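Asker: Sequence and predicted model, in that order:
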Amino acid sequence: MTAAAVAVPAARTAGSRHLAGTRPLLRLALRRDRIMIPVWVLVLGGSFASVAQSYSALYDTAAARADLARSMSANSSLRALYGPVFTDSIGGLTAVRMVGFGAALAAVMSLVIVVRHTREEEETGRQELLSSAMVGRRAPLTAALLTALIANAALALVIVAGLAGYVGDTAGALALGLAVAGVGMLFACTAAIAAQITENARLAKGLSGAVVGAAFVLKAAGDAASDDGSSVLTWLSPLGWAENVRAFAGERWWVLLMLPAAIAVQAVLAYTLAGRRDIGMSFLPARPGPARGRLRTAGGLAWRLQRGSLFGWGTGFLLAGIVFGGITDGAADLVGGNQQTREIIERMGGRQGLTDAFLAAMVGVLAMVAALYVVASVLRLYGEETGGRAEPVLAGGVGRLRWAAGHLVIAFGGGALVVMLGGVGLAIGYGRALPALLGAALVQLPAIWVLGALAVALYGLVPKAAVAGWAVAGLALALGWIGPALGFPQSVLNLSPFGHLPKLPGTEMAWTPVLALTALAAALVAAGLAGLRRRDMLS
């Protein structure tokens, strides 16, 4: 027997050893994500068909769609937000509206899945326990990537099924679904690399999210400069690749080949890094050193842990506000004489003048997204407790309420800061009305705080159900964003705390709902802290 004949089986044996245990780890990951993945897939995938249905109802003639396409193409701010318009068909308009945001959200879904089943498992110590059995070095990473692949494949199927059945163009729907899922898998591999080089799950998610944000900024800058997607900046962004597939507009199938090539390169790098480090270690380890200055307090520790997230959210809100403010003057031209579109904007922002209604609607959207920051910041308490990091802090001279208060000040105060930055951004983009827009943003705070306070109550009273705070915040976002377009009755929209607030600017201030929601938020926080003080710690 030759040396080559011996080497091939040996290589296969080594490869099998490194991947041993992948199948049971995959089953475990799918079982743990049996709720999260279906919710992501159905909500995100279903929104594509929902947008197509809205366009069909609002712009039911070819002339109306052509006018909309011309208005969007002529407005550089709208192009930066959505991308260039390649065709005025229902499918083409849906692709323009959803390809950038849909691909970015698919990327977020994928990075959450991969970091959850790699770095987070190592951080909590579960991976070390699993690796004591017959689990190969690269099996956890493989299982995480396969989980992300299944999620993105399911997302593509939902997109294709919804659009092909409604629009009737299977080729366009398939191109759009593959583009969105391909971008999702690309950023899953980006998260796999981040999980190898960072010291904890928070940093891995933050680094991966920053890459997604940079990709969106590149695409937006390129689209603002060019109305046909040909800018170099657009082609530097994977989101720009998805856009340039041109679904429903003479599909460019060759652009899709760029995604598996980039995925392969990143996957090789992730597997190489995974094979060169020990479990729990990273290529960017934590800086050693004593706690000094404000870090000695519970509030200082909370600030140290959450300041990066607050900075990222604040910057994003300021930039988003500038973009939304920049398209305000063109809102009337974009709506034109379409009464249905006007009614949707009025339902979101009030029945004052169209410009004020549009600004009020944008303030409301920013506030609903800010609620997600508050919930995430509150649930950092749950992560610190279940990860075993809260117990050493509480074992010293820090009480539970003092420890929790540090994080809650960052959560609720940070929520106020990010929504105010969004209002400032709107004023900068609009070029005027800073006091009115800043006041409109502050009026949204009680509803934001109610959602954050509900997360506090769940964490303190029923800690195992704390993650349900995400579901409540997501429901409020869906009701406020999609509900008006689908014609939900006001009684349904009022299920969200945002449905009770005055629509500023442009309408009179109403203090009763503002004070009532503030009191409700305070009561929920008090109940949650009382529960935290009395119950056992999860660790």
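Answerer: That came through, no problem. Everything numeric in this text was worked out from a predicted model, so none of it was measured. Numbers count the residues shown, from 1 in each chain.
Asker: excluding its backbone neighbours, what's nearest Leu149?
Answerer: Distance criterion Cβ to Cβ, 6 or more residues apart in numbering; nearest residue to Leu149, sequence neighbours excluded, is Met185 at 6.2 Å. In this view, the C-beta of every residue, glycine as well, is placed from N, C-alpha and C.
Asker: Need the pLDDT of that neighbour.
Answerer: With respect to pLDDT, Met185 has a value of 95.
Asker: Can you report how many residues neighbour it?
Answerer: 25 (other Cβ atoms under 10 Å).
Asker: Likewise for Leu305?
Answerer: Counted with other Cβ under 10 Å, Leu305 comes out at 18.
Asker: roughly how far apart are it and Gly299?
Answerer: With distances taken as Cβ to Cβ, to the nearest Å, Leu305 is found 11 Å from Gly299.
Asker: hang on, the earlier thing: confirm for me that the residue nearest to Leu149 is in contact with Ala262.
Answerer: No: assessed by Cβ atoms under 8 Å, Met185 is found out of contact with Ala262, at 9.5 Å.
Asker: Enumerate every residue touching Ala405.
Answerer: Residues near Ala405 by Cβ atoms under 8 Å, 6 or more residues apart in numbering: 298-299.
Asker: if you set the cut-off to 10 Å instead, what comes out?
Answerer: 298-299, 302, 399, 525, 529 (Cβ atoms under 10 Å, 6 or more residues apart in numbering).
Asker: and if you look at Thr94?
Answerer: 47-56, 102, 159, 162-163, 166-167, 172-173, 176, 247-248.
Asker: for Val418, same thing?
Answerer: 310-318, 366-367, 369-370, 373-374, 441, 448.
Asker: tell me which residues of stretch 201-214 are tucked away?
Answerer: Of the residues in stretch 201-214, those buried by neighbour count under the rule 16 or more other Cβ atoms under 10 Å are 201-209, 211-213.
Asker: From the residues you listed, pick the one nearest Ile410.
Answerer: Nearest to Ile410 out of the buried residues of stretch 201-214 is Arg202 (Cβ to Cβ; 13.6 Å).
Asker: Now name the helix or strand holding the closest one.
Answerer: Arg202 is part of helix 201-225, with elements assigned from DSSP states H and E.
Asker: model confidence over that helix, on average?
Answerer: 84.
Asker: Go ahead and name everything in contact with the very next helix or strand once past that helix.
Answerer: Downstream of helix 201-225, the first helix or strand assigned by DSSP H and E is helix 232-235. Identification of contacts with helix 232-235 by Cβ under 10 Å, 6+ apart yields 83-84, 217-226, 228-229, 240-241, 243-244, 255, 258.
Asker: Could you list the buried residues of helix 232-235?
Answerer: 233-235.
Asker: Dump the residues you listed to a markdown table, plus distance to Arg276 and pLDDT.
Answerer: Shown next, in a markdown table, are the buried residues of helix 232-235 (distance: Cβ to Cβ, whole Å; pLDDT from 0 to 100):
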| residue | distance to Arg276 | pLDDT |
| --- | --- | --- |
| Leu233 | 34 | 88 |
| Thr234 | 35 | 90 |
| Trp235 | 32 | 92 |
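Asker: Let's have those in JSON lines, adding distance to Ala521.
Answerer: Shown next, in JSON lines, are the buried residues of helix 232-235 (distance: Cβ to Cβ, whole Å):
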{"residue": "Leu233", "distance to Ala521": "42"}
{"residue": "Thr234", "distance to Ala521": "43"}
{"residue": "Trp235", "distance to Ala521": "46"}
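Asker: which strands and helices sit next to the strand or helix carrying Ser73?
Answerer: Assessed by DSSP H and E, Ser73 sits inside helix 62-74. Packing partners of helix 62-74 (3 or more Cβ pairs under 10 Å, 6 or more residues apart in numbering; DSSP states H and E): helix 36-58, helix 76-82, helix 90-116, helix 331-335.
Asker: Need those in a markdown table (columns: distance to Leu30 and mean pLDDT).
Answerer: Shown next, in a markdown table, are the helices and strands packed on helix 62-74 (distance: least, Cβ to Cβ, whole Å; pLDDT from 0 to 100):
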| stretch | distance to Leu30 | mean pLDDT |
| --- | --- | --- |
| helix 36-58 | 8 | 85 |
| helix 76-82 | 34 | 75 |
| helix 90-116 | 10 | 90 |
| helix 331-335 | 43 | 61 |
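Asker: Out of those helices, which one sits most buried?
Answerer: Using mean count of other Cβ atoms under 10 Å, the stretch among those with the largest mean neighbour count is helix 90-116, at a mean of 26.
Asker: so where's the chain shaky on pLDDT?
Answerer: Confidence mapping of the chain against pLDDT under 70 gives the ranges 1-18, 77, 127-136, 278-296, 329-353, 481-488, 539.
Asker: All the helices of the stretch 301-450 of the chain, in order from the start?
Answerer: For the stretch 301-450 of the chain, the helices identified by DSSP state H, counting those that start in this stretch occupy 331-335, 339-349, 354-378, 380-386, 390-394, 400-430, 434-443, 445-461, in order along the chain.
Asker: Of all those, which one is nearest Glu120?
Answerer: The nearest among the helices of the stretch 301-450 of the chain, by Cβ to Cβ, is helix 380-386 at 9.0 Å.
Asker: quick one: Ile37 and Leu149 touch, right?
Answerer: No: judged on Cβ atoms under 10 Å, Ile37 makes no contact with Leu149 at a distance of 11.4 Å.
Asker: Spit out the residues that contact Leu305 and Gly299 alike.
Answerer: Joint contacts of Leu305 and Gly299 (Cβ under 10 Å, 6+ apart) are 406-407, 410.
Asker: Reformat these as JSON lines; add neighbour count.
Answerer: Converted to JSON lines, these look like this (neighbours: other Cβ atoms under 10 Å):
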{"residue": "Gly406", "neighbour count": "21"}
{"residue": "His407", "neighbour count": "24"}
{"residue": "Ile410", "neighbour count": "23"}
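Asker: which among these gets closest to Ala390?
Answerer: His407 (10.0 Å).
Asker: quick one: contacts for Ile113?
Answerer: Going by Cβ under 10 Å, 6+ apart, the list of residues near Ile113 reads 29, 32-33, 36-37, 40, 144-145, 147-152, 184, 188, 191.
Asker: nope, Ile327 is what I was after
Answerer: Ile327 neighbours (Cβ under 10 Å, 6+ apart): 72, 75-81, 334, 358, 362, 429-430.
Asker: What distance do you get for it to Glu243?
Answerer: 18 Å.
Asker: rewinding a little: right, and the helices of the stretch 301-450 of the chain - which one's nearest Ala107?
Answerer: helix 354-378 (16.1 Å).
Asker: Compute the inter-axis angle for the closest one and helix 445-461.
Answerer: Put simply, helix 354-378 runs at 20 degrees to helix 445-461, going by axes from the mean of the first three to the mean of the last three Cα atoms, to 10 degrees.
Asker: Helix 354-378 - contacts with which helices or strands?
Answerer: Helix 354-378 packs on helix 298-326, helix 331-335, helix 339-349, helix 400-430, helix 434-443, helix 445-461, helix 468-481, going by 3+ Cβ pairs under 10 Å, 6+ apart.
Asker: roughly how far out does the fourth one sit from the chain middle?
Answerer: Right, the one you point to is helix 400-430. Computed by Cα atoms, centre = their mean, to the nearest Å, the chain-centroid distance of helix 400-430 equals 18 Å.
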